[in-house]
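**Q** from the sequence below, what's the structure:
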Amino acid sequence: MDAQALKDSWHLVARSGDQVPLFFYSALFLTAPETRDLFPVSMARQRDRLVGALGQIVSNVDRVEELVPFLQQLGRDHRKFAVVAEHYPAVGRALLATLEHFLAEGWTPALAQDWTQAYGLVAQVMSDAAADASATTPPWWEGEIISHEPRALGIAVIRARLNYQYPYRPGQSASISFALRPRIWRYYSFANAPREDNTIDLHVRLVDGGMLSSALVHGARHGDVLRVGAPVGDRLTLSEERPGDLLLIAGGTGLAPLKALVEQVMHEGPLRKVDLVVGARTSRELYDLEALAKMDAEHPWLTLTPVVSHDPLYRGVRSHAVDAALPAWRGQDVFVCGSEEMVQSTVARLLDAGVPPERIHFDEFTSDRGRES
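**A** Okay, here's the model as predicted:
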């Protein structure tokens, strides 16, 4: 299998932009119409998510050590879409038809064999992982909403009680779905460490054009049921091998996983000192300040610094979160969470200030991890 040929051919196909997913989904739904029900009614946001991810994965199939754990997680997680082993061949045929269409004369028998072999490996890893997971865990959990609190304009804090035991680590996230927006799943981070009562907290911000976030902020009510996929991600989780102090930098609802880390330290005992810097544009967007201030008052190892960047009437610290956080850095691990723009700018400032890259922890925004919060 010629890995470079896979990469080069995908690069050529990707030049056709939006025409690629349009052709792919047309081929998929024409040859396997039963797969249409796996996707949202509106495909506008779906667009190149699946075909783009497939192309990138298959064309990098030579990176086995990196890809296998990712593909296994992807296979387990896709059970929530009701994907079964029988769907993989149909997706593969649509992918190959798409490649043949856009490569035209460049689609050689040798290249077709390489892509067929690469996709077969990907599909096998994903379907095997899904089958193994099906023996021990459900495709999703159901969580009944027991409280829905509007905290600020366009921000709500939702607490739900899950129907089965849900093992996860503070700092992880999961894809969430809601009956008002069927077949739409978006990732949200848990804002709490695991509890004995099996409840989870979600911090949801209304996103312009975000179909799920609008339903959760304005449409969700006490008693409604959420679907919650399996927990994913370890970039914002604490390692037992690094027990030192922490500097946490949150922007907006990026506070959620970092608050979960604070709760983890709280439960494990005051073995770490934690500096938590919470940034917002205006004081009204410091939506969880009351709860955070209570935690700060009760735990001497925690230092809370609320920061506002665009509110001339705010009487507290007026700055960007990273600028307020840097004076508190004394060699500890730094965790950053917020919008993509906030994370990128914060990480850049930390690196410029001399913070070693291995000390900086943040979640990456990728096509398979589309967020609305």
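**Q** and residue 142, that one's in a helix?
**A** No. Residue 142 is assigned strand when assessed by DSSP: H, G, I helix; E, B strand; the rest coil, not a helix.
**Q** spit out the contact partners of it.
**A** Taking Cβ atoms under 8 Å, 6 or more residues apart in numbering, we find residue 142 in contact with 162-163, 225-228. (Glycine included, C-beta is placed from N, CA and C.)
**Q** narrow those residues to those in strands?
**A** Using DSSP state E, the subset of those located in strands is 162, 225-228.
**Q** who wins on neighbours among these?
**A** Most neighbours among these, by other Cβ atoms under 10 Å: residue 228, with 26 neighbours.
**Q** which ones are touching it?
**A** Residue 228 neighbours (Cβ under 8 Å, 6+ apart): 140-143, 160, 162, 166, 174-176, 200.
**Q** ditto for residue 236
**A** By Cβ under 8 Å, 6+ apart, the contact set of residue 236 is 171-172, 189, 257-258, 261, 335, 337, 361-363.
**Q** ranges for the helices of the stretch 51-200 of the chain?
**A** With helices called from DSSP state H, counting those that start in this stretch, the stretch 51-200 of the chain shows them at 64-77, 87-103, 109-134.
**Q** most tightly packed of those helices?
**A** helix 87-103 (a mean of 19; mean count of other Cβ atoms under 10 Å).
**Q** now find how far off-centre that helix is within its chain.
**A** 27 Å (Cα atoms, centre = their mean, to the nearest Å).
**Q** what sits up against that helix?
**A** The contact list for helix 87-103, computed with Cβ under 8 Å, 6+ apart, reads 9-10, 12-13, 16, 19-20, 23-25, 27-28, 31-32, 35, 38, 50-51, 54-55, 58, 107, 111-112, 115-116, 119-120, 123, 126-127.
**Q** ok, back up a step: nearest to residue 247 among the contacts of residue 236?
**A** Proximity of the contacts of residue 236 to residue 247 (Cβ to Cβ) peaks at residue 335, which lies at 7.4 Å.
**Q** got a list of contacts for the host helix or strand of the closest one?
**A** Per DSSP states H and E: residue 335 is located in strand 333-337. Defining contact as Cβ under 8 Å, 6+ apart, one finds that strand 333-337 is touched by 171, 189, 236, 242, 244-251, 254-258, 261, 325, 342-343, 346-347, 350, 355, 359-363.
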